[in-house]
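Participant: this one's structure only:
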């Protein structure tokens, strides 16, 4: 028995909720989140489709939980513990292998830009924190001479995030777009200090 | 009377369709495309809301027609006839003044990435043609020594489009993000040939 773990009905609900998030993340990665994806999640979890939503305030909360789980797995898979420039190309390479989750991120991040949207706060905080951690990494690299210093770390961090999101959108329309290579070019060539 | 203009019922239908597109572009620019925006368009045109869709195969066709009209106006407003790097910051500055159309573009371009979506072809062609015209402009500038040549014109064009779309997404969440300044930095500093 694991100590300090909640027991009883609440624990069961939390476990079931977690099981749904894990299953949905796996299913969405390959099958996308539209069409029969939720039916498939329900089958795998062993509940009726409507029952999925007993554990979430609505479909949007489930989708956001899946995106948060995608971020968690992404960080857990990476060798370094910190976020930073070195993670951008590997994350893009992973996103290419998970077209359903990549599409979900693109669609959800655009539609949730409406401040009244349930997931608005999630994406607002995510953008802020991704920019912040890239900014810290870039500032250190600028001090060490590895990244150009004629543009502020904040502005460069915003450009890196923009390149990542923007190449991803192009890739959704043209699978010949190489997101990881584009990010690598941006970081290794355009961000280098001018000779 | 304008010669060579279709007359009769078809001409009236085409004129009404055009009037709806023009009105919707104006209304969406400031009010967005959700909530009561279509009701407002119908009021201004002087028809019932349902009548709007007699002139389009569905809501998606109307939204795509509005985005195409936005592009047409954008090009008509610019001093140079050609597309290219010089247009990127002015277009971003205009997008900031039309939050509703900018949001519509972001949401529609992400949701239409599904190949079964009615507007998929429109965006696929738009991305290809925007990248192509930037690529031509960048190639000329590379030959003239104004843009770095250590990355291909195609790759740089894709990065410019990515920065534009990506900064726009960040701006939707944080109105302090200066899209035009970010694009200007990217083009004037990062694309300059290394000294």
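Facilitator: Structure received. Predicted, not measured: the structure shown is a model, and the values here were computed from it.
Participant: number of nearby residues for residue A:54?
Facilitator: 12 (other Cβ atoms under 10 Å in any protein chain shown). Every C-beta, even on glycine, is put in place using the N, C-alpha and C of the backbone.
Participant: pLDDT value on it, please?
Facilitator: With respect to pLDDT, residue A:54 scores 91.
Participant: For it, which residues are in contact?
Facilitator: By Cβ atoms under 8 Å, 6 or more residues apart in numbering or on different chains, the contact list for residue A:54 is empty.
Participant: Residue A:30 now?
Facilitator: Applying Cβ under 8 Å, 6+ apart, we find residue A:30 in contact with A:98, A:99, A:100.
Participant: now the helices for chain A?
Facilitator: Here chain A has its helices, by DSSP state H, at A:9-31, A:37-45, A:59-77, A:85-96, A:99-111, A:120-143, A:153-173, A:179-185.
Participant: out of these, which comes closest to residue A:191?
Facilitator: Among those, helix A:153-173 comes nearest to residue A:191, with 6.5 Å by Cβ to Cβ.
Participant: Please see if that closest one touches chain B.
Facilitator: Yes: Helix A:153-173 lies within reach of chain B by Cβ under 8 Å from any Cβ of the partner chain, at A:155, A:158-159, A:161-167, A:169-170, A:172-173.
Participant: Which secondary structure elements does that helix sit against?
Facilitator: Under the contact definition 3 or more Cβ pairs under 8 Å, 6 or more residues apart in numbering or on different chains; DSSP states H and E, helix A:153-173 sits against helix A:85-96, helix A:99-111, helix A:120-143, helix A:179-185, helix B:99-111, helix B:120-144, helix B:153-173, helix B:179-185.
Participant: Tell me which of the ones you listed lies nearest to residue A:194.
Facilitator: Residue A:194 sits nearest to helix A:120-143 of all the helices and strands packed on helix A:153-173, at 13.0 Å, using Cβ to Cβ.
Participant: Who are the packing partners of that closest one?
Facilitator: Counting contacts by 3+ Cβ pairs under 8 Å, 6+ apart, helix A:120-143 packs against helix A:59-77, helix A:85-96, helix A:153-173, helix B:153-173.
Participant: again, only using 6 Å
Facilitator: helix A:153-173, helix B:153-173 (3 or more Cβ pairs under 6 Å, 6 or more residues apart in numbering or on different chains; DSSP states H and E).
Participant: Count the neighbours of residue A:84 for me.
Facilitator: By other Cβ under 10 Å, 17 other residues sit near residue A:84.
Participant: Go through stretch A:162-169 and flag the buried ones.
Facilitator: Neighbour-count burial for stretch A:162-169, counted by 16 or more other Cβ atoms under 10 Å in any protein chain shown, picks out A:162, A:163, A:164, A:165, A:166, A:167, A:168, A:169.
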